[in-house]
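S.K.: Got a predicted structure plus its sequence, pasted below:
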Amino acid sequence: MDLRIKEVIKEKGMTITELADKMGINRVNLSNMVNGNPTVETLNKIADAIGCPVTELFEQPKSDTAFLSCPHCGKNINIKAE
């Protein structure tokens, strides 16, 4: 599942620098979080600072099957919605 953090930041009329200031961290740390594999805690902090639900930071699945990557081995985990 892909994250769309950068797109949501732009949609809310903010820059990475503005968001970092609002979160009380520096821009480089925020960029590293956004471009890396952010934790659920980090995603929640970003969503709170932007003022949106955390679900808005994720792209919606194109079908009834969602894919997650295992944080340990990197393999895709298929999740089928019924």
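M.R.: Thanks, I have it.
S.K.: Correct me if wrong, but Asn78 is in a strand.
M.R.: Yes: under DSSP: H, G, I helix; E, B strand; the rest coil, Asn78 sits within a strand.
S.K.: For it, give the beta-bridge partners.
M.R.: Phe67 (DSSP bridges).
S.K.: Ranking helices and strands of this protein by mean pLDDT, which lands last?
M.R.: Lowest by mean pLDDT, DSSP states H and E among the helices and strands of the chain is strand 65-69, with a mean of 69.
S.K.: gap between the closest residue to Leu57 other than its chain neighbours and Phe58?
M.R.: Excluding the flanking residues, the one nearest Leu57 by C-beta to C-beta, 6 or more residues apart in numbering is Ile5, at 5.3 Å. Backbone N, C-alpha and C define where each C-beta goes, glycine included. Using C-beta to C-beta, to the nearest Å, one obtains 9 Å as the distance from Ile5 to Phe58.
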